[in-house]
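# sequence plus the predicted model coming up.
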Amino acid sequence: MQHLFIPYLINHDWNHFKSALIVMVILYAGVFLSVLIDFFFGVRRAKHLNIARTSSGYRRTISKLTNYFGLMLMLSIADIVASIVFKMPYFTVVGAVGVVLVEAKSVFENLKQQEKSIAEVQSMLLKILENKDEVQSLLSLINANKKEDKQ
């Protein structure tokens, strides 16, 4: 039975070592891609709602990447140590799947929030249209007060 990483290095089995590294690269790329997708939908939602995109929001994404890759690195080290027992990098796979699920939930929350905001704007516009006479009288009163203040 062939094992992961350590026995591959000891036996100079470079083909299996390369395939194990490819699996790890795919897992790390999946985590990176999921964060980028969440970032894209978050920026899109902010643009749609006219929310200012600040450096603190961008730093939050970088902080998220740092935390996720730190977690992935620790899980990869655990897989390397456990490679004497396990053939696959199970810890890293579980961690990557967990991160991707969290980011997918975040994307769906962004989409749901965007739909909710659109519904709120529509209901507010309907209320304004229903009470348009009151709104017009309020605006004329405000305009009259502005004219008096200028004089």
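It's in.
# count of neighbours near V81?
Residues lying near V81 (other C-beta atoms under 10 Å) number 13. Quick note: C-beta positions are derived from backbone N, CA and C, even for glycine.
# so how far is M74 from it?
Separation of V81 from M74 (C-beta to C-beta, to the nearest Å): 11 Å.
# now swap in I142 and tell me
As for I142, its distance to M74 is 60 Å (criterion: C-beta to C-beta).
# tell me which of the two has more neighbours.
Legend: neighbour count by other C-beta under 10 Å for I142 and M74, higher for M74 (13 against 10).
# which of the three states applies to F91?
helix (DSSP: H, G, I helix; E, B strand; the rest coil).
# what is the neighbour count of it?
19.
# quick check, it in contact with S83.
No - using C-beta atoms under 8 Å, F91 is not in contact with S83; the gap is 10.5 Å.
# all helices for this structure, in order.
Secondary structure of the chain (DSSP state H): helices located at 6-10, 14-48, 55-81, 90-130, 132-150.
# need these in a markdown table (columns: mean pLDDT).
Formatted as a markdown table, the helices of the chain follow (pLDDT from 0 to 100):
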| stretch | mean pLDDT |
| --- | --- |
| helix 6-10 | 63 |
| helix 14-48 | 85 |
| helix 55-81 | 91 |
| helix 90-130 | 79 |
| helix 132-150 | 68 |
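# torsion angles phi and psi at the residue lying closest to K47 once chain neighbours are set aside?
Distance criterion C-beta to C-beta, 6 or more residues apart in numbering; nearest residue to K47, sequence neighbours excluded, is R53 at 7.5 Å. Note on R53: backbone dihedrals following degrees, to the nearest 10 are phi -90, psi 110.
# any idea how far R53 lies from L75?
32 Å.
# centroid residue for the chain?
With distances taken as C-alpha atoms, centre = their mean, D38 lies nearest the centre of the chain, 3.0 Å away.
# my guess is that one contacts E103. True?
Yes - the criterion here is C-beta under 8 Å, and D38 meets it with E103 at 4.6 Å.
# so what's the residue lying closest to V93 once chain neighbours are set aside up against?
Nearest residue to V93, sequence neighbours excluded (C-beta to C-beta, 6+ apart): L27, at 6.4 Å. If you count contacts by C-beta atoms under 8 Å, 6 or more residues apart in numbering, L27 has them with M72, P89, T92, V93, A96.
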